[in-house]
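In: Next comes the sequence, and after it the predicted model I'd like to discuss.
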Amino acid sequence: MIALPLFLFNNEEHMKLTLYKNSSSNNTIGKTITNSVEITINLKATCDVVNPTIILSNIVGVDFLEFNYATIDELNRSYFITNVDSMNRELWRLTMACDVLETYQASIKSSVARLRRGLQVGDYHTAGMDSTVNSNVTKYLSNITLPDDEHTNVLTVVEGGRII
């Protein structure tokens, strides 16, 4: 079993949840977010900070189904809203997953990398000291949706804020 990063919150600790509409792809650093709505929340007991589930009461004029992105300032994290469920007429459950690229973008952008050369189509990858695996390498330079019907491993290299 994997131990999840949980925080124990004081019941009087209020936090700011900001909901957004994200129009960027999930693998983008510096997302284009609009339509922000700020909500004061009170996380009770323990909370999984990587994949939190938050229950909200109805807010006049706010349709939670319109939002797909969120931030919690006090946790210094950005999240994809992966599911919005109506629990009853008054309560909504938002299931979220941490957007690691946006959350850690400063560290990613300031990383230093040494590259000998870029990948080439048909490259072989060393799987271990005594074995080699033939791989079909394809280089995508844009927001591409990868086909669901094939097994694909993606290596993203970021240097100076640019994906190369």
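Out: Happy to help now that I have it.
In: So which bits of the helix or strand hosting Glu38 are buried?
Out: Remark: Glu38 resides in strand 33-42, with elements defined by DSSP states H and E. Along strand 33-42, the positions that meet the burial threshold by neighbour count (16 or more other C-beta atoms under 10 Å) are Ile33, Val37, Ile39. No exception for glycine: its C-beta is placed from N, CA and C like everyone else's.
In: Each with direction, which strands does that strand pair with?
Out: Applying DSSP bridges to the sheet, strand 33-42 is found paired with strand 14-22 (antiparallel).
In: Doesn't Leu65 belong to a strand?
Out: No. Looking at Leu65 with DSSP: H, G, I helix; E, B strand; the rest coil, it is helix, so not inside a strand.
In: Check the burial of it by counting its neighbours.
Out: For Leu65, the number of neighbouring residues by other C-beta atoms under 10 Å comes to 11.
In: Now do the contacts for the closest residue to it other than its chain neighbours.
Out: Counting by C-beta to C-beta, 6 or more residues apart in numbering, the nearest residue to Leu65 once its immediate chain neighbours are dropped is Val84, at 5.4 Å. Val84 sits next to Phe64, Leu65, Phe67, Trp92, Arg93, Leu94, Thr95 when contact means C-beta atoms under 8 Å, 6 or more residues apart in numbering.
In: could I get the buried residues of strand 33-42 as TSV with pLDDT and distance to Ser23?
Out: Compiled in TSV, the buried residues of strand 33-42 are given as follows (pLDDT from 0 to 100; distance: C-beta to C-beta, whole Å):
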residue	pLDDT	distance to Ser23
Ile33	94	8
Val37	95	16
Ile39	93	21
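In: And the residues you listed, which is closest to Asp99?
Out: Sorting the buried residues of strand 33-42 by distance to Asp99 puts Ile33 at the head of the list, at 10.6 Å, by C-beta to C-beta.
In: what about the closest one, distance to Phe80?
Out: Counting by C-beta to C-beta, to the nearest Å, the gap between Ile33 and Phe80 amounts to 11 Å.
In: Give me the common contacts of the two.
Out: Common contacts of Ile33 and Phe80 (C-beta under 8 Å, 6+ apart): Asn22, Tyr69.
In: Please identify the buried residues of the next helix-or-strand element following the strand holding Glu38?
Out: Remark: after strand 33-42, the chain's next helix or strand is strand 46-48, criterion DSSP H and E. The neighbour-count criterion (16+ other C-beta under 10 Å) identifies Cys47 as the buried residues of strand 46-48.
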